[in-house]
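Student: Generate coordinates for the sequence data below:
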Amino acid sequence: MDDAVGHDESESGQEGGGADELQERAAGRAPPPLRLLDALRERLRYMHYSLRTEEAYVYWVRGFIRWAGLRHPRDLGAAEVQDFLVMLANERRVAAATHRQELSALLFLYREVLGVDMPWLRELGSPVAKRRIPVVLTPVEVQALFAHMGEGVTGLLARLLYGTGMRLLEGVRLRIKDVDFVRQVIVVRDGKGGKDRVVMLPRALDGSLRQQLKEARRLWLLDQERQHGAGVYLPNALAAKYKRAAESWAWFWLFPAARLSTDPRRSGEEEGALPRRRHHLHEKRLQRDLQAAVRAAGIAKPATVHTLRHSFATHLLQAGTDIRTVQQLLGHADVSTTMIYTHVLQSSAAGTASPLDGLMLTTTPLPTSTSTPTPSPPLRAREPAFPCYHRLPSLPTPSSTAAATSAS
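Tutor: Numbering: from 1, shown residues only. Modelled structure (predicted):
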């Protein structure tokens, strides 16, 4: 059910989409004007924003228009935008990150789509980001989590994310050519920020990954025999440059979906014209299976798939790995981002003894006797062996100190 949805962030689905528009312009016929949300999507894709950002911006702009009574944003000013943001903060009680995302969506709408650079947009207050300590699982909790996830494809993917520190979409988007069993490395392509990096290939997953390769090749051969779809999606118009690359084994998904589906960015077109292709595994499958495993394992932490990445970095630092190495494996541009995991390890509260532990309350043992039992004495507290609780030596009085000083 979930595998039938295409969802790659970089899947712009623009092959053949702009040819008709170019022909209309060449013939002197201007294309009809776009609706506001369509113009917003077009501008986001022109500036190479990710699919997740496009979905978020369209959601917030649509919500702003509905809140304003379906009035056009050109007719709205600073008061309406401010009231909308106040409503989100006070009535819906959204987080600071959500508040900033909504403000960014409106700024993009007015500046990039409507071409209105209003000074009051820059004067709107933006909530200050609060630094949160990430949720980290202990090695025992990680083992219990994997035990309840089983040996299926989602269990393998969860182990791979923990063993490499990859993000969820980076893991499901792996291609066959990105896994190097000889060098024991995995090449992460087009990660967050459009950057590539290299991570280790866990030797413990060598056999499981080879078995997953066999399953992926079975689906690839099935598509070749039945001539299903137009191959897999290729980024940046590579399908037009390399005609057969989309159907090649090297570009096939390591975790392919079970069924064919369409490109999510072309859902507004006629269904008959949409090419059906095989996408990668839907990320919601792993999210649901991991949440079920967290409940089954009795882990009382708000653990998500991204928690595996936090645990990967923290456990590497606990093992003595250099922080620069962890930074490269995580793909952080600045080491200050990686430093958040050192706060988990080097917290001053972890090695500080509580004063309650210093009380050391003990009971006085009862005397052993065959005579008539006597009432037991009340409990007494033994003096703890802390210097701050020891009786200080008697100090000389001010008069005696002055006499000793004058004598000397």
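Student: quick one: the strands in this protein?
Tutor: 179-180, 185-188, 197-200 (DSSP state E).
Student: looking at those strands, which is buried most?
Tutor: strand 185-188 (a mean of 20; mean count of other C-beta atoms under 10 Å). All C-beta spots, glycine's among them, are computed from the backbone N, C-alpha and C.
Student: circling back to that earlier point, put together JSON lines for the strands of the chain, with mean pLDDT and distance to His72 on each row.
Tutor: JSON lines is the format used below for these (pLDDT from 0 to 100; distance: least, C-beta to C-beta, whole Å):
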{"stretch": "strand 179-180", "mean pLDDT": "96", "distance to His72": "50"}
{"stretch": "strand 185-188", "mean pLDDT": "96", "distance to His72": "42"}
{"stretch": "strand 197-200", "mean pLDDT": "95", "distance to His72": "44"}
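Student: of those strands, which approaches Arg41 most closely?
Tutor: For these, proximity to Arg41 was assessed by C-beta to C-beta; strand 185-188 is nearest, at 27.3 Å.
Student: contacts for the closest one?
Tutor: 164, 166, 170, 174, 178-180, 196-201, 331 (C-beta atoms under 8 Å, 6 or more residues apart in numbering).
Student: Let's see that with 6 Å instead.
Tutor: 170, 178-179, 197-199, 201 (C-beta atoms under 6 Å, 6 or more residues apart in numbering).
Student: got those residues as JSON lines, with distance to Thr307 columns?
Tutor: As requested, those are arranged in JSON lines below (distance: C-beta to C-beta, whole Å):
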{"residue": "Glu170", "distance to Thr307": "15"}
{"residue": "Asp178", "distance to Thr307": "24"}
{"residue": "Val179", "distance to Thr307": "24"}
{"residue": "Arg197", "distance to Thr307": "20"}
{"residue": "Val198", "distance to Thr307": "23"}
{"residue": "Val199", "distance to Thr307": "18"}
{"residue": "Leu201", "distance to Thr307": "22"}
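Student: In JSON lines, list the strands of the chain along with distance to Leu238.
Tutor: Formatted as JSON lines, these follow (distance: least, C-beta to C-beta, whole Å):
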{"stretch": "strand 179-180", "distance to Leu238": "19"}
{"stretch": "strand 185-188", "distance to Leu238": "16"}
{"stretch": "strand 197-200", "distance to Leu238": "20"}
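Student: Return the set of buried residues in stretch 237-253.
Tutor: 239, 246-247, 251-253 (16 or more other C-beta atoms under 10 Å).
Student: what about the stretch 201-350 of the chain, any weak spots by pLDDT?
Tutor: Low-confidence segments of the stretch 201-350 of the chain (pLDDT under 70): 228-230, 264-274, 346-350.
Student: Show me the chain divided up by domain.
Tutor: 1-28+134-345, 33-123 (automatic domain parsing).
Student: Let me have those in a markdown table, extended by distance to Pro355.
Tutor: Below are the domains of the chain laid out as a markdown table (distance: least, C-beta to C-beta, whole Å):
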| stretch | distance to Pro355 |
| --- | --- |
| domain 1-28+134-345 | 24 |
| domain 33-123 | 35 |
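Student: For Gly358, find the nearest of these.
Tutor: Gly358 lies closest to domain 1-28+134-345 among those, at 25.1 Å (C-beta to C-beta).
Student: how distant is the closest one from the center of its chain?
Tutor: The chain centre lies 13 Å from the centre of domain 1-28+134-345; the measure is C-alpha atoms, centre = their mean, to the nearest Å.
Student: again with stretch 76-85
Tutor: Distance, centroid of stretch 76-85 to centroid of chain: 31 Å (C-alpha atoms, centre = their mean).
Student: And that stretch, what's buried?
Tutor: 76, 80-81, 84-85.
Student: And the contacts of that stretch?
Tutor: By C-beta under 6 Å, 6+ apart, stretch 76-85 touches 64, 67-68, 106, 120.
Student: May I ask which of those residues comes out lowest in pLDDT?
Tutor: Lowest pLDDT of these: Trp120, 66.
Student: on that earlier part again, so which of the domains of the chain is nearest Thr352?
Tutor: Shortest distance between Thr352 and these, using C-beta to C-beta, is found for domain 1-28+134-345: 14.5 Å.
Student: so where's the stretch 1-150 of the chain shaky on pLDDT?
Tutor: Ranges of the stretch 1-150 of the chain meeting pLDDT under 70: 1-33, 118, 120-125.
Student: just the buried members of the contacts of stretch 76-85?
Tutor: Applying 16+ other C-beta under 10 Å to the contacts of stretch 76-85 flags 64, 68, 106 as buried.
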